[in-house]
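*Asks:* below is the sequence, then the predicted model.
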Amino acid sequence: MKKLIKNNVFWVGKTDWELEFFHGADYTINHGSSQNSYLITEEKTVLIDTVWMPHATEFVANLASEVSLDQIDFLVINHGEVDHSGALPALMEKIPNTPIYCTASAIKSLTGQYHHPEWDFHVVKTGDSIDIGNGKKLVFVEMKMLHWPDSMATYMTGDNILFSNDAFGQHYAVEELFNDAADTCLLWAEAQKYYANILTPFSMLVKRKIEEILALNLTIDIIAPSHGAIWRENPLRIVEKYYEWSKDYQEDQITIVYDTMWDGTMRLAHRIGKEISLKSPATKVKIFNVSKTNKNDIMTEVFKSKAVVVGSPTVGSNILSSVGGWLEFLKELKFKNKKAAVFGCYGWSGESTKVLRERLTEAGFSVVAPELKWNWTPVDEELTGAAEIAAALCE
Ligand code: FEO
């Protein structure tokens with residue numbers, strides 16, 4: 001069922017309460033999500049984006065109950081990823097000659113995924129516009145690498161709506177549709193998790209793109225992303241937040257991440273946490289066992305941190321695979337301007353801290369010199385080294 005956004009603009013997407021994972025299993029969904037598609041019925045009838053392939057049949061049927069499909073004058077595909085373009089083949093079966101407006105890169109991604117080079121593609125670039133009647137236009141803004149080469153946003157004049165696609169979205173199911181009706185705490189937590197886990201590697205581009213869009217002096221009444229709540233109340237607040245997050249964001253927080261075999265490395269983690277609190281009582285300290293805590297939630301905490309402390313016991317001559325896998329994800333996110341320190345227990349050879357040091361350096365962290373490497377089981381009264389790490393990270 002369509003939902004009114006403003007005047008002749010409607011939401012026709014899918015609220016997906018059942019979704020548990022996204023990007024394979026790389027992103028865990030805790031509060032549902034949505035794939036937002038928008039129908040504009042001005043003098044021209046326009047559909048912006050579709051939904052994920054498993055919902056294609058339902059999507060096309062719902063759309064057909066709201067508008068005669070052959071009345072759709074054209075489609076705008078802001079981004080080719082399958083969660084937004086997945087229903088395109090089913091829709092194009094019904095209306096095969098309908099023009100599709102998208103970036104040149106999107107023709108490649110759509111053709112590569114769906115193998116229909118005969119579709120009536122029309123390339124748009126930043127600043128191009130299409131008149132949709134009643135004095136309104138759609139204006140296109142390329143958003144290259146935010147987060148795919150094909151990404152773009154579409155701005156509707158008159159109603160002043162920015163259809164921003166993935167940017168400013170959240171994996172968060174909101175039946176109420178708008179930010180002012182949603183659970184505010186969850187909304188902002190999910191928006192930050194989305195930025196931290198998906199957009200962090202592109203922060204420099206986010207910053208430049210926001211500066212470019214703000215310089216256009218557009219009036220923006222609504223930001224309608226392709227996932228989650230639509231920003232209707234104070235829509236520029238999320239733009240300001242993105243700008244803040246794009247500038248190597250950090251709070252006065254240190255996050256400790258570890259895994260442990262027989263609890264020795266866990267005890268080191270907790271001792272380091274205590275020493276940081278003693279050294280700097282104002283600093284927030286968070287401690288996570290990487291095998292017991294969701295990796296996306298840990299990454300959101302790393303995003304907020306000025307430093308991370310990573311621990312693993314030595315296994316063979318390496319680190320535990322749980323920590324190794326997590327470090328691979330950490331590297332992918334290209335965090336900048338954060339310190340790190342390492343720790344771990346060992347029985348005989350003790351390579352884990354060296355491996356951790358190398359992996360964190362590769363991931364772009366500035367690893368401080370003190371480390372806590374402990375032979376066999378730590379005894380609290382004898383344990384040294386944690387205070388030195390705290391001092392180096394709290395400088
Ligand atoms: Fe990049 Fe929501 O897809």
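*Replies:* Structure received.
*Asks:* C-alpha from now on. contacts and neighbour counts both.
*Replies:* Will do.
*Asks:* how does the chain divide up, domain by domain?
*Replies:* According to automatic domain parsing, the chain comprises the domains 3-245, 254-394.
*Asks:* got the ones you listed as JSON lines, with distance to the ligand and mean pLDDT columns?
*Replies:* JSON lines is the format used below for the domains of the chain (distance: least, C-alpha to the nearest ligand atom, whole Å; pLDDT from 0 to 100):
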{"stretch": "domain 3-245", "distance to the ligand": "5", "mean pLDDT": "97"}
{"stretch": "domain 254-394", "distance to the ligand": "15", "mean pLDDT": "97"}
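*Asks:* JSON lines for those domains, including mean neighbour count?
*Replies:* Shown next, in JSON lines, are the domains of the chain (neighbours: other C-alpha atoms under 10 Å):
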{"stretch": "domain 3-245", "mean neighbour count": "19"}
{"stretch": "domain 254-394", "mean neighbour count": "19"}
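*Asks:* and the strands in the stretch 201-350 of the chain?
*Replies:* Ranges of strands within the stretch 201-350 of the chain are 222-225, 253-258, 284-289, 307-311, 339-346, based on DSSP state E, counting those that start in this stretch.
*Asks:* dump those into a markdown table; add distance to F178 as well.
*Replies:* Below are those laid out as a markdown table (distance: least, C-alpha to C-alpha, whole Å):
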| stretch | distance to F178 |
| --- | --- |
| strand 222-225 | 9 |
| strand 253-258 | 31 |
| strand 284-289 | 32 |
| strand 307-311 | 35 |
| strand 339-346 | 38 |
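*Asks:* next, the contact list for M92, please.
*Replies:* Shown in contact with M92 (C-alpha atoms under 8 Å, 6 or more residues apart in numbering): T98.
*Asks:* coming back round to it: what's the closest of the strands of the stretch 201-350 of the chain to L69?
*Replies:* strand 222-225 (22.7 Å; C-alpha to C-alpha).
*Asks:* helix or strand for the spatially closest residue to D297 that is not a sequence neighbour, which one?
*Replies:* Using C-alpha to C-alpha, 6 or more residues apart in numbering and skipping residues adjacent in sequence, the residue nearest D297 is K193, 7.2 Å away. For K193, the host element (DSSP states H and E) is helix 184-194.
*Asks:* report all helices and strands that that helix contacts.
*Replies:* For helix 184-194, the packing partners by 3 or more C-alpha pairs under 8 Å, 6 or more residues apart in numbering; DSSP states H and E come out as helix 295-304.
*Asks:* elements contacting the helix it packs on?
*Replies:* Using 3+ C-alpha pairs under 8 Å, 6+ apart, helix 295-304 sits against helix 184-194, strand 253-258.
*Asks:* that helix vs helix 184-194, what angle?
*Replies:* On the basis of axes from the mean of the first three to the mean of the last three C-alpha atoms, to 10 degrees, helix 295-304 is oriented at 90 degrees to helix 184-194.
*Asks:* could you check the angle strand 284-289 makes with helix 295-304?
*Replies:* Inter-element angle recorded for helix 295-304 and strand 284-289: 150 degrees (by the same axes, to 10 degrees).
*Asks:* and helix 295-304, how far from the chain's centre?
*Replies:* Counting by C-alpha atoms, centre = their mean, to the nearest Å, helix 295-304 is centred 11 Å from the centre of its parent chain.
*Asks:* repeat that for stretch 350-362.
*Replies:* Here the centre of stretch 350-362 is set off from its chain's centre by 27 Å, with C-alpha atoms, centre = their mean.
*Asks:* what residues does it touch?
*Replies:* So stretch 350-362 is contacted by 310-315, 317-319, 327, 331, 340-344, 346, 366-367, 371, 373, 375 (C-alpha under 8 Å, 6+ apart).
*Asks:* cool, stretch 11-28 as well?
*Replies:* Residues outside stretch 11-28 that contact it (C-alpha under 8 Å, 6+ apart): 1-5, 29-39, 50-51, 55, 59, 62-63, 173-175, 197, 294, 296.
*Asks:* list the ones among those residues that fall in helices.
*Replies:* With helices defined by DSSP state H, the entries of the contacts of stretch 11-28 inside them are 59, 62-63, 296.
*Asks:* which residues does the residue nearest to F288 when sequence neighbours are not counted contact?
*Replies:* Once flanking residues are discounted, F288 sits nearest to V257: 5.0 Å by C-alpha to C-alpha, 6+ apart. By C-alpha under 8 Å, 6+ apart, the contact set of V257 is 269, 287-290, 308-311.
*Asks:* ok, now how distant is V257 from Y346?
*Replies:* Relative to Y346, V257 is positioned 17 Å away (C-alpha to C-alpha, to the nearest Å).
*Asks:* check V123 too.
*Replies:* According to C-alpha to C-alpha, V123 and Y346 sit 59 Å apart.
*Asks:* for I72, same thing?
*Replies:* Distance from I72 to Y346, by C-alpha to C-alpha: 66 Å.
*Asks:* for T154, same thing?
*Replies:* 56 Å.
*Asks:* repeat for K94
*Replies:* Taking C-alpha to C-alpha, one finds K94 at 64 Å from Y346.
*Asks:* equivalent analysis for D263, please.
*Replies:* 12 Å.
*Asks:* what does T293 give?
*Replies:* 23 Å.
*Asks:* residue ranges for the helices of this protein, please.
*Replies:* 56-66, 82-85, 88-94, 104-114, 184-194, 203-215, 236-246, 264-279, 295-304, 321-332, 352-362, 386-394.
*Asks:* tell me which of the ones you listed sits nearest to L138.
*Replies:* helix 203-215 (15.1 Å).
*Asks:* compute the inter-axis angle for the closest one and helix 236-246.
*Replies:* Interaxial angle, helix 203-215 versus helix 236-246 (the same axes, to 10 degrees): 150 degrees.
*Asks:* any idea which of the helices of the chain gets closest to V141?
*Replies:* Comparing those by C-alpha to C-alpha, helix 203-215 comes nearest, at 8.5 Å.
*Asks:* distance from that closest one to the middle of the chain?
*Replies:* With C-alpha atoms, centre = their mean, you get 17 Å for helix 203-215.
*Asks:* could you dump it to CSV, C-alpha only?
*Replies:* The C-alpha trace of helix 203-215 is given here as CSV (Å, rounded to 0.1, in the frame of the first residue of the first chain):
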residue,chain,number,x,y,z
SER,A,203,34.5,9.6,4.4
MET,A,204,36.7,12.0,2.4
LEU,A,205,34.2,11.7,-0.5
VAL,A,206,31.2,12.2,1.9
LYS,A,207,32.8,15.4,3.2
ARG,A,208,33.4,16.8,-0.4
LYS,A,209,29.9,15.8,-1.6
ILE,A,210,28.2,17.5,1.3
GLU,A,211,30.2,20.6,0.7
GLU,A,212,29.2,20.5,-3.0
ILE,A,213,25.5,20.0,-2.2
LEU,A,214,25.4,22.7,0.4
ALA,A,215,27.0,25.1,-2.0
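*Asks:* I am finished for the moment; much appreciated.
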